[in-house]
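Asker: Dropping a prediction and its sequence here:
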Amino acid sequence: MAIKFGRPIEMRDDVSRATPATAATALDLPVRMRRNRKAEWARRMVREHVLTTNDLIWPLFIVDGENKRVPIPSMPGVERLSVDQVVRAAERAVRLSIPCIALFPYTDPSLRDETGSEALNDNNLVCRAIRAVKKEFPDIGVLCDAALDPYTSHGHDGLVRDGIILNDETVALLVEQSLLQAHAGCDIIAPSDMMDGRIGAIRTALDDDELTDVQIMSYAAKYASSFYGPFRDAVGSSKTLVGDKRTYQMDPANTDEALREVELDIAEGADMVMVKPGMPYLDVLKRVKDTFGLPTFAYQVSGEYAMIMAAAANGWIDGERAMFESLTSFKRAGADGVLTYFAPDVAERLRAQPV
């Protein structure tokens, strides 16, 4: 068979410095990007970002009682679980290789007060759930929210005086709350309150109490978002919230400010940082990861989950594909992991057939 040679190639400086695509064009070679997409095996070989169960943190809502599973209407498929059912959920997480669960309480209105005192009860729902999970499954990670909003009668993350959220007084209570959770067996304290200086105060207190192995995942860039509504339904703060949280959560218009927040929390001792919400803030997530390189997480919040579920229920989108596409977007933007209510569904499907 005769070998057909192309025309002689005259190398030019612009070709030697070109990208693969522009070099091919400069040499009159056909560009066929679809070659690497022609089959599933080929797409898998060149895939840049891969979602695995290691990327998942599963948020769970706790309610008082026994053998209870209470549906949350604004979050289809998500339930408030009694402590015994949280343990069963942890068992499922272990079976599915989900490395960590996150615990959030629904506090009975009779236990809520101005100061969120139930947060400092060492036998509250969260502490009981931690101990129960760790007794049966000591090797699963447990993450706990450090904030007062599930416990306050006004629905805010901090103490309030004359309509003003008190920063330093709130931090003192968050320190006590964090110590209680850590002594109960919590592995990761995740302060979501957005008070200034709380990371340093909590880190110092943990170290002084010989709890040096307890990690801190800071909600470092948490925005005053409209996407939190279903979560507030789940923890019971939507009906109690007085006013809004814009004096301490971030303005959705800002990104440079997020970098300052993250930098401060790292300096104060955060082991990991989080951007919340998720998909509307992928640009922030990427900037944080590119700038600091610290383990960086995103929270696919309740409103994001609810939108996908509602659209899927109406037949407007393919829910399963949207679920995977949304979570892959976090990996693409630089997230090391995602808190998502889809965690068990994703893990089940990944186990059946890797995506």
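Answerer: Noted; the coordinates are in hand. Note that the structure is predicted; figures quoted are calculated from it, not measured.

Asker: Where do the helices of the stretch 151-300 of the chain begin and end?
Answerer: 167-184, 198-208, 229-235, 256-267, 282-292 (DSSP state H, counting those that start in this stretch).

Asker: dump the residue contacts of the residue nearest the centre of the chain.
Answerer: Centroid-nearest residue in the chain, with CA atoms, centre = their mean: residue 299, separated by 2.6 Å. Contacts for residue 299 (CB atoms under 8 Å, 6 or more residues apart in numbering) come out as 219, 274, 275, 276, 277, 278, 338, 339, 340. (Each C-beta comes from the backbone N, C-alpha and C, glycine too.)

Asker: same deal with residue 336?
Answerer: Applying CB under 8 Å, 6+ apart, one finds that residue 336 lies in contact with 55, 272, 295, 296, 297.

Asker: Over to residue 282?
Answerer: Contact analysis of residue 282 by CB under 8 Å, 6+ apart lists 329, 330, 333.

Asker: what mean pLDDT would you report for stretch 76-86?
Answerer: Per-region confidence: stretch 76-86 scores 97 on mean pLDDT.

Asker: how about it: buried residues?
Answerer: 76, 78, 79, 80, 81, 82, 83, 85, 86 (16 or more other CB atoms under 10 Å).

Asker: picking that back up, mind checking which of the contacts of residue 299 land in strands?
Answerer: Among the contacts of residue 299, the residues falling in strands (DSSP state E) are 219, 274, 275, 276, 338, 339.

Asker: Would you mind putting those residues into TSV with distance to residue 345, neighbour count and pLDDT alongside?
Answerer: Shown next, in TSV, are the ones in strands among the contacts of residue 299 (distance: CB to CB, whole Å; neighbours: other CB atoms under 10 Å; pLDDT from 0 to 100):
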residue	distance to residue 345	neighbour count	pLDDT
219	24	26	96
274	22	29	97
275	23	29	98
276	21	25	97
338	13	24	98
339	14	25	98
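
Asker: so which two of the residues you listed are the farthest from each other?
Answerer: 219 and 338 (13.9 Å; CB to CB).

Asker: Mind telling me what element residue 329 is part of?
Answerer: Of the helices and strands defined by DSSP states H and E, residue 329 is found in helix 319-333.

Asker: counting contacts, what elements does that helix pack onto?
Answerer: For helix 319-333, the packing partners by 3 or more CB pairs under 8 Å, 6 or more residues apart in numbering; DSSP states H and E come out as helix 282-292, helix 302-313, strand 337-339, helix 343-352.

Asker: now that helix: how far from the chain's centre is it?
Answerer: Taking CA atoms, centre = their mean, to the nearest Å, one finds the center of helix 319-333 at 14 Å from the center of the full chain.

Asker: Would you mark the buried spots in that helix?
Answerer: Across helix 319-333, burial judged by 16+ other CB under 10 Å covers 319, 322, 323, 324, 326, 327, 328, 329, 330, 331, 333.

Asker: And for stretch 286-301?
Answerer: Neighbour count says stretch 286-301 has 286-289, 292, 294-301 buried, by 16+ other CB under 10 Å.

Asker: what separates that stretch from the chain centre, distance-wise?
Answerer: Distance of stretch 286-301 from its chain centroid, counting by CA atoms, centre = their mean, is 10 Å.

Asker: Convert it to PDB, retaining C-alpha atoms only.
Answerer: The C-alpha trace of stretch 286-301 is given here as PDB (Å, rounded to 0.1, in the frame of the first residue of the first chain):
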ATOM      1  CA  LYS A 286     -13.700  28.400  42.300                       C
ATOM      2  CA  ARG A 287     -12.000  31.600  43.600                       C
ATOM      3  CA  VAL A 288     -11.800  30.200  47.100                       C
ATOM      4  CA  LYS A 289     -10.200  26.900  46.000                       C
ATOM      5  CA  ASP A 290      -7.800  28.600  43.500                       C
ATOM      6  CA  THR A 291      -6.700  31.200  46.000                       C
ATOM      7  CA  PHE A 292      -6.200  29.100  49.100                       C
ATOM      8  CA  GLY A 293      -6.000  25.400  48.100                       C
ATOM      9  CA  LEU A 294      -7.500  24.400  51.400                       C
ATOM     10  CA  PRO A 295     -10.100  21.600  51.500                       C
ATOM     11  CA  THR A 296     -13.100  23.400  50.200                       C
ATOM     12  CA  PHE A 297     -16.700  22.200  50.400                       C
ATOM     13  CA  ALA A 298     -20.000  23.400  49.000                       C
ATOM     14  CA  TYR A 299     -23.500  23.000  50.400                       C
ATOM     15  CA  GLN A 300     -26.200  22.200  47.900                       C
ATOM     16  CA  VAL A 301     -28.800  23.800  50.000                       C
END
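
Asker: what residue ranges in the stretch 1-150 of the chain are flagged as low confidence?
Answerer: 1-26 (pLDDT under 70).
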